[in-house]
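below: sequence and its predicted model.
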Number of protein chains: 2
Amino acid sequence: MQEILFAMNKCDQCIVRQLTSLKALNKEEVIKLANSKTTYSIKKGEAIFEEGEITNGVFCVKDGIGKLSKLSANGKDQIVKLVKSGELLGQRSMISNEPANLSAKAVADMEVCFIPKAEIIHFFNNNNQFSMNLMQTVCEDLKESENDKIALAQKTVKQRLAETLLYLHATFGENTDKTLKVQLTREELAGMIGTATESCIRLLSDFNKLELIELVGKKIVLKNVKALKKLAE
Amino acid sequence: MQEILFAMNKCDQCIVRQLTSLKALNKEEVIKLANSKTTYSIKKGEAIFEEGEITNGVFCVKDGIGKLSKLSANGKDQIVKLVKSGELLGQRSMISNEPANLSAKAVADMEVCFIPKAEIIHFFNNNNQFSMNLMQTVCEDLKESENDKIALAQKTVKQRLAETLLYLHATFGENTDKTLKVQLTREELAGMIGTATESCIRLLSDFNKLELIELVGKKIVLKNVKALKKLAE
DNA sequence: ATCGGAGTATGATAAATGTCATATTTAAAA
DNA sequence: TTTTAAATATGACATTTATCATACTCCGAT
């Protein structure tokens, strides 16, 4: 009994459970979850899994920021999505029974929990609310991806940069000195908007001169959110 | 009894059932399906649903070809996906409980069946194989969308055009005169690859001169698939 | 505190793509 | 068959973006 309570608490108090499909789990299921999960610490720059790897489960992000990316033929690392606390990683390839299509790496130190495939499938088959939640998460990802696709096809690099800076600000917030909390290199930022690193740097310079942003060393401060929004359309 | 058999046949013999998540349904469920579905004929150019509409169900494509697209601020219609016989439309927004993010229009005359949301949700909650199939379909769409995103971000218009022509050929096949079966206007083709109509026309001209394709009026014949594949990388 | 390398910045130039104007062709309607 | 509007094609040019070269700057390791 003591043990069960202990095990349960391990997941029961985790913030992630309030945010993901996992919120649909009942007490019994949470105990099952707590007993099968494994926790990992991932240092900035390290990989959680690599493209082509078979993961056999999903990773739950407890803390930190990660990027999902794919190395393209020309050697550029295209960032498809950033993930933060409360998101699941590797759901898609697990459900499709395929090796990972993307690599997952830490952009800031991360804490993640690994949940084996068998657990997820069990919850999926026995808890309608859970399966619906999971389904909705994937649908949300799909919508976002489709909208990104449209932006990539129709907006200029400048617009996409403005949009991405606003996204980073809205999603990950700022430090006390107003700089963006996610600290991506210029190369990573270029990889998010789909452009060359130099083009990205050049446009940041332009934005700086126009006082839309301020460059504090390698960090970025958004100075004129309204104008950035207008620029992004 | 006579009636039940009749109703059942209506969906039981439909090819679509062999291709979609619907293949997991049992006899009883197929009868339920047959009794609740509505069949529509959509003429080329007509809409099945428009962006922002609440559909309250999914559309099953029995025949023909459709496009999912979104009108962007600059007035261009970005095509996100083409659908053919055996695919479901509107699953995403139905599951997310949101108005449609995209418009669905016929590119060639279509036959579609509408299945009300209540039916789908019922199958989802009571048939694990169905819910898993549906989930896998959405995951497949997500993977495709992510890969499209990478292509848009990293490939040139020329590469994307080659890639798209190969996709149209592989997915929809050719007529007896070797021309592509899907007949998109140059504007639609431009909308698929995310470029200006004139750029698309110009590149088609180039491909024609290089004997990679042949332009037969408004129709297109792929003449050198190998070279196109190489071009697309 | 200094050094060295990665990351950032900027210039010069080339290449890709968009835009606007205008001609030509196609296919459907009269 | 002729007519006509829409679609396709092409030229001229502007703009955007990539590429290559080089310089600068930050920050951690020594």
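Structure's in. What do you need? Model, not experiment: these values are computed from the prediction.

mean confidence for stretch A:196-209?
The average pLDDT within stretch A:196-209 is 96.

now do the buried residues in it.
A:200, A:203-204, A:207 (16 or more other C-beta atoms under 10 Å in any protein chain shown). The C-beta positions use only the backbone N, C-alpha and C, and glycine is treated the same way.

mind checking which of these are in helices?
Residues of the buried residues of stretch A:196-209 located in helices (DSSP state H): A:200, A:203-204, A:207.

quick one: which of the residues you listed is nearest DNA strand C?
Closest approach to DNA strand C among those (C-beta to the nearest atom of the strand): residue A:204, at 5.2 Å.

now do the contacts for that closest one.
Contact partners of residue A:204, counting by C-beta atoms under 8 Å, 6 or more residues apart in numbering or on different chains, are A:161, A:186, A:189, A:213, A:215, A:220.

ok, residue A:68 touching residue A:89?
Yes - checked against C-beta atoms under 8 Å, the pair residue A:68 and residue A:89 is within contact range at 7.3 Å.

between the two, which contacts overlap?
What both residue A:68 and residue A:89 touch, as defined by C-beta under 8 Å, 6+ apart, is the set A:83, A:104.

mind checking the SS state of the closest residue to residue A:52 other than its chain neighbours?
Leaving aside its sequence neighbours, residue A:52 sits nearest to residue A:99 (C-beta to C-beta, 6 or more residues apart in numbering or on different chains; 4.9 Å). Secondary structure for residue A:99, judged by DSSP: H, G, I helix; E, B strand; the rest coil, is coil.

my guess is residue A:99 contacts residue A:93, does it?
Yes - in this structure residue A:99 lies within contact range of residue A:93 using C-beta under 8 Å: 6.4 Å.

more neighbours: the two, which one.
residue A:93 (23 against 13; other C-beta atoms under 10 Å in any protein chain shown).

before we move on, the earlier item: in a markdown table, list the ones in helices among the buried residues of stretch A:196-209 along with distance to DNA strand C.
Formatted as a markdown table, those follow (distance: C-beta to the nearest atom of the strand, whole Å):
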| residue | distance to DNA strand C |
| --- | --- |
| A:200 | 8 |
| A:203 | 10 |
| A:204 | 5 |
| A:207 | 10 |
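
now the strands: where do they sit in chain A?
Ranges of strands within chain A are A:38-42, A:47-49, A:57-71, A:77-84, A:88-89, A:103-116, A:213-216, A:219-222, based on DSSP state E.

redo those as a markdown table? Include mean pLDDT and mean neighbour count.
Shown next, in a markdown table, are the strands of chain A (pLDDT from 0 to 100; neighbours: other C-beta atoms under 10 Å in any protein chain shown):
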| stretch | mean pLDDT | mean neighbour count |
| --- | --- | --- |
| strand A:38-42 | 93 | 14 |
| strand A:47-49 | 95 | 19 |
| strand A:57-71 | 95 | 22 |
| strand A:77-84 | 95 | 20 |
| strand A:88-89 | 94 | 25 |
| strand A:103-116 | 94 | 21 |
| strand A:213-216 | 94 | 16 |
| strand A:219-222 | 96 | 19 |
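
format the ones you listed as a markdown table; extra columns: distance to DNA strand D.
Converted to a markdown table, the strands of chain A look like this (distance: least, C-beta to the nearest atom of the strand, whole Å):
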| stretch | distance to DNA strand D |
| --- | --- |
| strand A:38-42 | 18 |
| strand A:47-49 | 20 |
| strand A:57-71 | 15 |
| strand A:77-84 | 12 |
| strand A:88-89 | 28 |
| strand A:103-116 | 14 |
| strand A:213-216 | 8 |
| strand A:219-222 | 7 |
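
I'd like those laid out as CSV, including distance to residue A:154.
Shown next, in CSV, are these (distance: least, C-beta to C-beta, whole Å):
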stretch, distance to residue A:154
strand A:38-42, 35
strand A:47-49, 32
strand A:57-71, 22
strand A:77-84, 18
strand A:88-89, 29
strand A:103-116, 27
strand A:213-216, 23
strand A:219-222, 23
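
nearest to DNA strand C, of those?
strand A:213-216 (4.4 Å).

which strands or helices does that closest one pack on?
Packing partners of strand A:213-216 (3 or more C-beta pairs under 8 Å, 6 or more residues apart in numbering or on different chains; DSSP states H and E): helix A:197-209, strand A:219-222.
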